[in-house]
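K.L.:
Return atomic coordinates for the entry below.
(2 chains)
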Amino acid sequence: MKKKLGKMTDTNLLLTITIVVFFALYIGAMIFQGKGFLKPQTFFNILNGNAALIILACGMSLVMITGGIDISVGGVTALVSMCCAVYLDYHGGSVLGSIMIALGIGLAFGIVQGFLISYLDIQPFIVTLAGMFFARGMTTIVNTNPFNVANEDFVALKETRLVIPFLGSVNKLGKYVNAYIEIGVVVALLIVVILFVVLKWTKLGRKFYALGGNAQSALMLGINVKRTKFISYVICGLLAGIGGYVYFLHVGSGSASHASGAEMDAIASSIIGGTMLTGGVGNIIGTLFGVLSLSTIQNIVSSAGLGEAWWTGITNASMLCMFLVVQSLVIARKKKALKNQEMM
Amino acid sequence: MESKKKQSAWITKLAGNRIIIPIVALLLLVIFNLIMDPSFFKINVGYNSAGNPILSGYLMTILDCGSELVILAIGMTLVTAATGGQDISVGAAIAISGSVILRVLCGTNSRPETLQAPIIVAFLISCIVAMLFGAFNGVLVAFFKIQPMVATLILFTAGRSIAAWINNNELPIISEPSFGYFGGFIPGIPIPTPIFIAGVCIIIIALVLKFTNLGFYTQAVGINESSSRLNGLNPTFVKFLSFVILGLCVAVVGLIKVSRISSINYSVIAKDIEMDAILAVALGGNSLSGGKFNMTASILGAYVIQFLTTTLYKFDVKSDALSAYKAVVVILLVVLSAPVVREWFAKLWKNIKAFIAPKKEAEAK
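P.N.:
Presented below is the predicted three-dimensional model:
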């Protein structure tokens, strides 16, 4: 067993830890709290509520694999939902048009930030920090007051639910209720699969890892470092746009305070999922499980009767702390192993 | 001819210096305000509700409200230089230290008639607590080798919750007027107290940097950790120390912040101040990836940011929309100071010179 562990790559080891922790959490919740967690719908609700976060975290992981960071995603989400809400309600726009707006905003942020970071060589933290400020500020400039969208086509799309057969449960009135997921979940899972394939089996994906692992040697291998970096930010921006629309689809309203702190949640999920901020290590599947673990913990906390708001913050933080320490121990162990090999 | 050469050398030297960025930004803001409305720089003498003389005016507001940012920028510069990362938990840590001060002052009752403990005791306890939280960040960064931004993300997520938990989610209000001196005015002195506190902090850090090796060691660790270790420094301890110092700065800011309103709002107090503090360091021309730093430039950068904020408020920008304008200004500044853009300008300047110079030579002939 120990030998096997030693042979595992950083990515695989961290991924395994994440998946094990998620299942341990969920099964533990099933055993000790029963009730809600035994129903499949609880799991689907976690998916429904976090579809947008999954998409945002995917983009974040991608950027983190290349060694960067994008903290503008939460702001972009708020801006997208506000712009779409205003467009749908005040200008009588169509649903297709609002999707175009969402993609456009995301792409615009991705391109501008990517250009500044990769071609002008400015620190990603500063650029995306300004991006976040800009997006949050623009949201209030577009419209100050939060409001619900009443557009019929949109509400119909929002209410669309995909029924999952055989996994329903009997509710309190003794009626059988089908399990369902929202459209956003399908989009999120699709994006996870696409990104997984891209990262694992395409040239572009391997370039991202090479760039994050060591930019200098990536350059020497003949990789266009600047363009690769640029592409990663554009994809992240685009995903922020899509994530923003999925978020909008879930809440159905526009507000300047939407998705506050979403960027930190996305970073935390990526880290829990085994992506390292130093770059070069990470996995999209891990990110998916990172989001799920984080929200499972929140569910456990709230259903355990610890309703006070501060518990969520503290449990999230302690989980993050645990994973960070594990990560750093993993790296330390690797280094030691390498040293031992050299000594031999 | 020689004097001209000297002059141009002086200009190149200044342009190469990092402090040029905040100075130019400050000058631009001053000129902009002079053109738009010269009364911006007027300082009035008025009386507050207690009948004490006070100085008011936009300049006083900048100096007053900029104090917190300046104190934070001092600590943030050291952390940035030593670790090559930033502490994003300072806002949450300020909430904690402010909450501790109120907790000690109020005891068990959230609306005390008299203070349960002297203010100095409360402040010292909050200093210890803030330094402990700084030490927690420091341990994660220095011993576990986690990137600072990620390590401080933990406290960032939990901080405001911990602050609320310290006071059982109650909002204590202190009616004792002497507590308000730290964030307001001491009777008889017309200048706001935070300005003095910031001044004292600046003097202390100047003395420390002058008479100890702290600045030198910090830069050495930031530039190259392993070579500084080979030279007999202890990089782990230097990094740890920088976080503890930032913790001390946080406690001072916490005192000013709670003193300003004699109460606390856990989710609003010092919101987004970490971003402003990091911007102050960046505006000071300090590399955010560590190494050499310039404390004066950081402090100036903090005042520039407050200047910008106050200017925007003056033009009736809503506080929510403020960030959009700030972002545009910041991006402009950062783009202009980016090495790539500077090089490009230098090339352009050379080309222009080359374009003009032959003509002059031809004329001379």
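K.L.:
For burial, what's the neighbour tally of A:Asn316?
P.N.:
Residues near A:Asn316, counting by other C-beta atoms under 10 Å in any protein chain shown, number 24. The way it works is simple: take the backbone N, C-alpha and C, and place the C-beta from them, glycine included.
K.L.:
Just the pLDDT for it.
P.N.:
The score at A:Asn316 is 78. That number is its pLDDT.
K.L.:
which secondary structure element contains it?
P.N.:
Element membership for A:Asn316, per DSSP states H and E: helix A:309-343.
K.L.:
From the contact counts, what lies against that helix?
P.N.:
Secondary-structure packing of helix A:309-343 (3 or more C-beta pairs under 8 Å, 6 or more residues apart in numbering or on different chains; DSSP states H and E): helix A:10-33, helix A:262-272, helix A:284-303, helix B:119-142, helix B:148-166.
K.L.:
and the angle from that helix to helix A:10-33?
P.N.:
140 degrees (axes from the mean of the first three to the mean of the last three C-alpha atoms, to 10 degrees).
K.L.:
pLDDT value on the nearest residue to B:Val150 once chain neighbours are set aside, please?
P.N.:
Take B:Val150 and drop its neighbours on the chain: the residue closest to it by C-beta to C-beta, 6 or more residues apart in numbering or on different chains is A:Leu277, 5.3 Å away. Note on A:Leu277: pLDDT of 77.
K.L.:
Double-check that A:Leu277 belongs to a helix.
P.N.:
No: going by DSSP: H, G, I helix; E, B strand; the rest coil, the assignment for A:Leu277 is coil, not a helix.
K.L.:
What is the helix or strand containing B:Leu34 packed up against?
P.N.:
Using DSSP H and E, B:Leu34 sits in helix B:20-36. Packing contacts for helix B:20-36, counted by 3+ C-beta pairs under 8 Å, 6+ apart, involve helix B:273-283, helix B:295-314, helix B:322-337.
K.L.:
Which is the succeeding secondary structure element to it?
P.N.:
Following helix B:20-36 in sequence, per DSSP H and E, is strand B:44-47.
K.L.:
burial count for residue 104?
P.N.:
Let's take chain A. Neighbour count of A:Gly104, defined by other C-beta under 10 Å: 14.
K.L.:
please go with chain B instead
P.N.:
B:Val104, neighbours per other C-beta under 10 Å, totals 21.
K.L.:
what's the pLDDT at it?
P.N.:
We have a pLDDT of 90 for B:Val104.
K.L.:
Nearest residue to it in space, please, no chain neighbours.
P.N.:
In space, B:Val104 is closest to B:Ala122, 3.9 Å off (C-beta to C-beta, 6+ apart).
K.L.:
ok now do the one you found, which residues does it touch?
P.N.:
B:Ala122 makes contacts with B:Val100, B:Ile101, B:Val104, B:Leu105, as judged by C-beta atoms under 8 Å, 6 or more residues apart in numbering or on different chains.
K.L.:
shouldn't the third one be in contact with B:Ile125?
P.N.:
Yes: contact status for B:Val104 versus B:Ile125: in contact at 5.4 Å, counting by C-beta atoms under 8 Å.
K.L.:
Identify the residues contacting residue 288.
P.N.:
With no chain named, the answer covers chain A. Under the criterion of C-beta under 8 Å, 6+ apart, the neighbours of A:Leu288 are A:Ile54, A:Ala57, A:Cys58, A:Val192, A:Gly273.
K.L.:
not what I meant, chain B
P.N.:
With C-beta under 8 Å, 6+ apart, B:Leu288 has these contacts: A:Gln123, A:Phe125, A:Ile126, B:Thr80, B:Gly84, B:Gln86, B:Ile278, B:Val281, B:Ala282.
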